[in-house]
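In: The following comprises the amino acid sequence and a computationally predicted model.
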Amino acid sequence: MNRGNKLWEGHRMILPEHRARMLQHEVESYVVPVLHEDASEDIEYRVQEAMIRRQLLTIVVGEQDGEHTVEGRIVSYRTETRSLQIHNEWGRFQIPIQNIVRVL
């Protein structure tokens, strides 16, 4: 008799404090912080240097669900979309400039 996981599916429970945290996380949405002019210039300088020297760069990107870290080489800058194209072992990604929080 193979019931799959039905026995355990019916007995799942969530602690009240975990439920409150889950609901709070759903309500809160991440807002990308507005960077100071000096921070923006520093990010721009570090991105240009990494692009010229073809170095690995770690970028912290702010999105709706929080901050994410992307590491890779900058392949190009696209002026029409104002985004960086980054290449790493998982493929190529486009990162909008306005979503960059900091460069590590």
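Out: Arrived safely.

In: For residue 15, the count of nearby residues, please.
Out: When neighbours are defined as other Cβ atoms under 10 Å, residue 15 has 8 of them. For every residue, glycine as well, the C-beta is placed using N, CA and C.

In: Now it, what are its backbone angles?
Out: Backbone dihedrals for residue 15, given as degrees, to the nearest 10, come out at phi -70, psi 150.

In: how much space between it and residue 94?
Out: Residue 15 sits 40 Å away from residue 94, taking Cβ to Cβ, to the nearest Å as the criterion.

In: Alpha carbons only: can I get the helix or strand hosting residue 76 in PDB?
Out: For residue 76, the element it lies in under DSSP states H and E is strand 66-78. The C-alpha trace of strand 66-78 is given here as PDB (Å, rounded to 0.1, in the frame of the first residue of the first chain):
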ATOM      1  CA  GLY A  66      15.600  41.300  -1.000                       C
ATOM      2  CA  GLU A  67      19.300  41.600  -1.700                       C
ATOM      3  CA  HIS A  68      21.200  39.000  -3.800                       C
ATOM      4  CA  THR A  69      24.800  38.600  -4.600                       C
ATOM      5  CA  VAL A  70      26.100  38.100  -8.100                       C
ATOM      6  CA  GLU A  71      29.700  37.300  -8.900                       C
ATOM      7  CA  GLY A  72      31.100  37.300 -12.400                       C
ATOM      8  CA  ARG A  73      32.900  39.200 -15.100                       C
ATOM      9  CA  ILE A  74      31.300  42.200 -16.700                       C
ATOM     10  CA  VAL A  75      30.900  41.600 -20.500                       C
ATOM     11  CA  SER A  76      29.200  44.800 -21.600                       C
ATOM     12  CA  TYR A  77      27.200  47.800 -20.600                       C
ATOM     13  CA  ARG A  78      23.900  48.300 -22.500                       C
END
